[in-house]
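Visitor: Sequence and predicted structure, then a few things I'm wondering about:
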Amino acid sequence: MKLNIFKSQSELNEQLAQYVIKIANDAIAEKGRFDFVLTGGSSPKGLYSLLSTTYRDQIDWDKTYFFFGDERTVLPFEKDYNGLMAKESFFDNLELQDGHVFYVDTNLSPQEAAADYKQKLDEHFAGASIVFDLILLGMGDDAHTASIFPQTDLVDNNEATVANVWVEKLNTNRVSLTAPLINQAKNIAFITFGENKAQALAKVFGEEKDYANYPSQLINPVNGDLQWFVDEAAASLVK
């Protein structure tokens with residue numbers, strides 16, 4: 001695990017873009033495709049824009065497949081749908097072939113949507129272990145990542161799968177990759193910035209392991225690399 005600290009959000013996005021480009025090109029050279037899991041929320045918008053405009057020609061998008069680490073159980077046309085954010089800030093700038101974006105079908109019930117997404121992943125990986133080339137993750141100010149929130153069932157889920165989870169504090173269901181599935185990835189990168197993340201980040205990097213309250217501590221790839229891309233404000237309390 002490596003903590004990369006940057007002075008500004010723009011510098012962070014620039015270096016993270018270069019990191020994504022290298023992994024993408026290495027994966028395509030090795031196996032002919034790049035399996036890329038996106039994170040939602042507002043944090044990655046700048047990165048997505050950078051990759052799909054300034055650095056558009058540095059990745060072969062015809063050999064790139066996109067997935068989502070989690071999804072909110074709103075309909076696909078609603079603004080909180082992670083897939084819509086990615087489409088508007090990322091995919092609309094590219095000319096993607098059909099079948100290269102794997103959206104979570106929130107027209108289904110949360111349980112059905114999770115099972116449907118797992119089936120899509122199994123088909124894409126032809127029944128082999130689901131090992132993504134790169135998973136991007138964000139972290140909330142409560143130290144949740146994907147939709148693995150503190151004190152929820154997903155904290156204790158030991159199966160490498162896609163699950164639905166009830167998040168009491170948000171009064172809603174979510175669909176998410178589980179920590180064991182995330183930890184199968186070859187590369188995992190957190191993008192985290194802002195003073196409001198400082199306390200959570202300090203806890204996540206603390207010596208005490210408290211997965212129930214700080215679920216981002218669960219992320220520890222089995223045979224992969226973990227990198228944190230953070231700004232100085234977020235890292236200000238890390239010892």
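Guide: Arrived safely.
Visitor: C-alpha only now, for contacts and for neighbours.
Guide: OK.
Visitor: What strand or helix carries the residue nearest to E159 when sequence neighbours are not counted?
Guide: Excluding the flanking residues, the one nearest E159 by C-alpha to C-alpha, 6 or more residues apart in numbering is P180, at 6.1 Å. Taking DSSP states H and E as the definition, P180 sits inside helix 179-182.
Visitor: Pairing partners for the helix or strand following that helix, with directions?
Guide: Later in the chain than helix 179-182, the nearest helix or strand by DSSP H and E is strand 187-192. Partners of strand 187-192 in the sheet, by DSSP bridges, are strand 134-138 (parallel), strand 225-231 (parallel).
Visitor: What strands flank the helix or strand just after the first one, and is each parallel or antiparallel?
Guide: Following strand 134-138 in sequence order, the next helix or strand is strand 162-167 (DSSP H and E). Strand pairing for strand 162-167, using DSSP bridges, gives strand 172-177 (antiparallel).
Visitor: residues touching L47, list them.
Guide: 13-14, 16-17 (C-alpha atoms under 8 Å, 6 or more residues apart in numbering).
Visitor: secondary structure element for it?
Guide: Going by DSSP H and E, L47 is part of helix 45-52.
Visitor: mind checking how far the helix or strand following that helix is from the chain centre?
Guide: On the C-terminal side of helix 45-52, the closest following helix or strand by DSSP H and E is strand 64-68. Distance, stretch centre to chain centre, for strand 64-68: 10 Å (C-alpha atoms, centre = their mean, to the nearest Å).
Visitor: Next SSE downstream of strand 64-68?
Guide: By DSSP H and E, the next helix or strand past strand 64-68 is strand 70-72.
Visitor: residues in contact with that following strand?
Guide: By C-alpha under 8 Å, 6+ apart, strand 70-72 touches 39-40, 80-83, 104, 146-147, 173-177.
Visitor: Kindly report the same for stretch 102-113.
Guide: 65-68, 71, 73-76, 83, 114, 116-117, 120, 163-164, 173-175.
Visitor: rerun that using 7 Å as the cut-off
Guide: 66-68, 71, 73-76, 83, 117, 164, 173-175 (C-alpha atoms under 7 Å, 6 or more residues apart in numbering).
Visitor: now it: how far from the chain's centre is it?
Guide: On C-alpha atoms, centre = their mean, the centre of stretch 102-113 falls 17 Å from the chain's centre.
Visitor: And for stretch 162-171?
Guide: 17 Å.
Visitor: for stretch 202-216, same thing?
Guide: 19 Å.
Visitor: Apart from its chain neighbours, what residue comes closest to L16?
Guide: L16's closest residue in space is F229 (C-alpha to C-alpha, 6+ apart), at 7.0 Å.
Visitor: Can you measure across stretch 95-106, start residue to end residue?
Guide: 24 Å (C-alpha to C-alpha, to the nearest Å).
Visitor: Any buried residues in that stretch, and which?
Guide: Residues of stretch 95-106 classed as buried: 101-106 (neighbour count, 16 or more other C-alpha atoms under 10 Å).
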